[in-house]
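Engineer: Pasted the sequence and its predicted model underneath.
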Amino acid sequence: METKLAVIGLGLIGGSMALALQRHEGVEVAGYDSDERTLREALHLGIIHSTAETARQAAEPADYIFFATPVNETIRLMKQASAEWSLKPGVILTDTGSTKTSIMEHAGLFREKDAVFVGGHPMAGSHKSGVRAAKEHLFENAYYLLTPASGKDEAHARRLENFLKVTKAKLAVVTAAEHDAMTAVVSHFPHLVAASLVRRLEDESVEHPFARELAAGGFRDLTRIASSNPDMWRDITLQNRDELLDQLDLWQQEMEAVRAIVEAGDPDEIRRFYDGARAYRDALPLKSQGALFSSFDLNVDIPDNPGAISEITGILAKAGISITNVRIVESRADVFGILVVSFQTADDRELGRVCLAENTSYEIYIS
Ligand SMILES: NC(=O)C1=CN([C@@H]2O[C@H](COP(=O)(O)OP(=O)(O)OC[C@H]3O[C@@H](n4cnc5c(N)ncnc54)[C@H](O)[C@@H]3O)[C@@H](O)[C@H]2O)C=CC1
Ligand SMILES: O=C(O)C(=O)Cc1ccc(O)cc1
């Protein structure tokens, strides 16, 4: 029997969701995006089977409705859907938003409509946005958090979980409050810090214009997420404002403590500070594709010459293993640099590792 799916918002996440859910046999995906070009492209790229002229038109016949719009827009659509749309009895509505408390405060709007809203957040993505960045594999191995409103909704959450299994994400149920507290620490606050570090460099560059030329390696790694979509992050910041304010207070305390350590100038204490952070960071789970790990990387020690990069990419291309990115994190004349090769899935990375080990003598490792 055909299952009808409506995806509202066809950017990176909605597009990827539509592609991943097409792995189900007999799923018919109708899409709507307020941006006409995105809608046309989604159809052209096979991300959706049909376009709708309004969100309502896509949603009314659907068995599952996904809102993959910026979070403030999702709340606006939820209000409209509950007040005006004629939804199919038994429909499950869900979203992909990075925040959950405000959204779940509106889930009750569907209670009298024989419809259930179960919050969702696939914790994979990148600083890229838009339909062209959509990938069927995006959610594989990533955590996908679900926030059913109450015990009564858990049966519906299980139905949604079953539907989402084809994404190969790791599904977990949490409360909206737990969700927002945890994502504030691992995702939302780091975005604020990354943006602030970039702004600090911009200020510094007034006096030292050369500083921006030196912003390589670590600085670029640490601030990649500052290239994210500002509209999306405005909405997230507004919806998770209280948690972010708490994090800012705690960060100020942390910075005071760091300041005291630096001011005291005790070498042992300074080393203990770095060592503690390194030990905790190195023990973080790497297998999962959490919010801060958006690709599967392989590090290859290569000599610092352009031939080495094309050698590696050539070997992988010949073996038909697709890569999503290559970059050098450290490169100095006459020493070995580290080439970071990113893959779409853990399986591709393993194939790449074996292939490079067989065909080169470079040291290869997963950091
Ligand atoms: N980018 C990421 O890495 C992740 C984002 N999310 C969440 O998923 C949602 C979507 O994010 P992305 O796909 O990255 O954003 P995106 O910017 O790539 O796509 C959003 C799409 O929604 C459309 N849109 C905006 N208002 C609309 C409306 N009223 N009706 C229909 N379409 C509308 C836009 O035209 C755009 O195509 C956001 O809530 C975000 O917080 C969740 C996990 C990861
Ligand atoms: O680019 C990155 O590493 C991210 O942080 C991606 C991301 C953005 C928003 C989310 O809600 C979850 C993941």
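Structural biologist: Received it, and whenever you're ready, just let me know what you need. Ligands and ions are numbered 1, 2, ... in the order given.
Engineer: so where is the stretch 201-350 of the chain shaky, pLDDT-wise?
Structural biologist: Low-confidence segments of the stretch 201-350 of the chain (pLDDT under 70): 286-295, 304, 329-337.
Engineer: which stretches of it form helices?
Structural biologist: Secondary structure of the stretch 201-350 of the chain (DSSP state H, counting those that start in this stretch): helices at 211-214, 217-223, 230-239, 241-264, 267-282, 306-318, 346-359.
Engineer: Among the ones you listed, single out whichever gets nearest to L43.
Structural biologist: When the helices of the stretch 201-350 of the chain are compared by CB to CB, helix 230-239 sits nearest L43, at 23.2 Å. (Glycine included, C-beta is placed from N, CA and C.)
Engineer: can you tell if the closest one touches ligand 1?
Structural biologist: Yes: Helix 230-239 reaches ligand 1 (CB under 6 Å from any ligand atom) through 232, 236.
Engineer: roughly how far out does that helix sit from the chain middle?
Structural biologist: Put simply, helix 230-239 sits 14 Å off its chain's centre (CA atoms, centre = their mean, to the nearest Å).
Engineer: tell me which residues of it are tucked away?
Structural biologist: 232-233, 235-237, 239 (16 or more other CB atoms under 10 Å).
Engineer: got the CA positions of that helix in CSV?
Structural biologist: Output in CSV follows, covering the C-alpha atoms of helix 230-239 (Å, rounded to 0.1, in the frame of the first residue of the first chain):
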residue,chain,number,x,y,z
PRO,A,230,22.4,33.0,9.9
ASP,A,231,18.6,32.8,9.5
MET,A,232,18.5,29.3,10.9
TRP,A,233,20.9,30.2,13.8
ARG,A,234,18.9,33.3,14.6
ASP,A,235,15.8,31.2,15.1
ILE,A,236,17.7,28.5,17.2
THR,A,237,19.2,31.2,19.4
LEU,A,238,15.9,32.8,20.0
GLN,A,239,14.1,29.5,20.8
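Engineer: Tell me the residues on the stretch 101-250 of the chain that lie near ligand 1, please.
Structural biologist: So the stretch 101-250 of the chain meets ligand 1 at 121-122, 125-126, 129-130, 229, 232, 236 (CB under 6 Å from any ligand atom).
Engineer: Rebuild those as CSV, extending it with distance to F66.
Structural biologist: Output for those, formatted as CSV (distance: CB to CB, whole Å):
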residue, distance to F66
H121, 12
P122, 10
G125, 15
S126, 19
S129, 17
G130, 17
N229, 18
M232, 16
I236, 18
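Engineer: show me the contacts for L192.
Structural biologist: L192 is in contact with 237, 244, 247-248, counting by CB atoms under 8 Å, 6 or more residues apart in numbering.
Engineer: and these near ligand 2, which?
Structural biologist: Checked against ligand 2 using CB under 6 Å from any ligand atom, the contacts of L192 yield no neighbours at all.
Engineer: Now which of those would you call buried?
Structural biologist: So, by 16+ other CB under 10 Å, the buried ones in the contacts of L192 are 237, 244, 247.
Engineer: For S228, see how far away the last one is.
Structural biologist: I take that to be Q247. Using CB to CB, to the nearest Å, Q247 is found at 17 Å from S228.
Engineer: quick revisit: with distance to L201 as added columns, please give the helices of the stretch 201-350 of the chain in JSON lines.
Structural biologist: Formatted as JSON lines, those follow (distance: least, CB to CB, whole Å):
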{"stretch": "helix 211-214", "distance to L201": "6"}
{"stretch": "helix 217-223", "distance to L201": "7"}
{"stretch": "helix 230-239", "distance to L201": "18"}
{"stretch": "helix 241-264", "distance to L201": "18"}
{"stretch": "helix 267-282", "distance to L201": "22"}
{"stretch": "helix 306-318", "distance to L201": "27"}
{"stretch": "helix 346-359", "distance to L201": "32"}
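Engineer: circling back to that earlier point, strands - which of the residues of the stretch 101-250 of the chain next to ligand 1 land there?
Structural biologist: Counting by DSSP state E, those place 121-122 in strands.
Engineer: Selection in PyMOL covering whichever of the residues of the stretch 101-250 of the chain next to ligand 1 are buried, please.
Structural biologist: In PyMOL syntax, the buried subset of those is picked out as below (16+ other CB under 10 Å):
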select buried, resi 121+122+125+126+129+232+236
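Engineer: Just give me the closest of the residues of the stretch 101-250 of the chain next to ligand 1 to A308.
Structural biologist: A308 lies nearest to S126 out of those, by CB to CB, at 26.4 Å.
Engineer: Phi first, then psi, for the closest one.
Structural biologist: When quoted as degrees, to the nearest 10, the phi and psi of S126 stand at phi -160, psi -180.
Engineer: That one is in contact with A133, isn't it?
Structural biologist: Yes: contact criterion CB atoms under 8 Å: S126 and A133 qualify, at 7.1 Å.
Engineer: Now do the shared contacts for the two.
Structural biologist: Joint contacts of S126 and A133 (CB under 8 Å, 6+ apart) are L12.
Engineer: What residues sit buried inside stretch 35-51?
Structural biologist: Using 16+ other CB under 10 Å as the test for burial, stretch 35-51 gives 38-39, 41-42, 47-48, 51.
Engineer: How far off centre is it?
Structural biologist: On CA atoms, centre = their mean, the centre of stretch 35-51 falls 22 Å from that of its chain.
Engineer: For ligand 1, what's its nearest residue on the stretch 51-200 of the chain.
Structural biologist: G125 (1.8 Å; CB to the nearest ligand atom).
Engineer: Much appreciated, bye for now.
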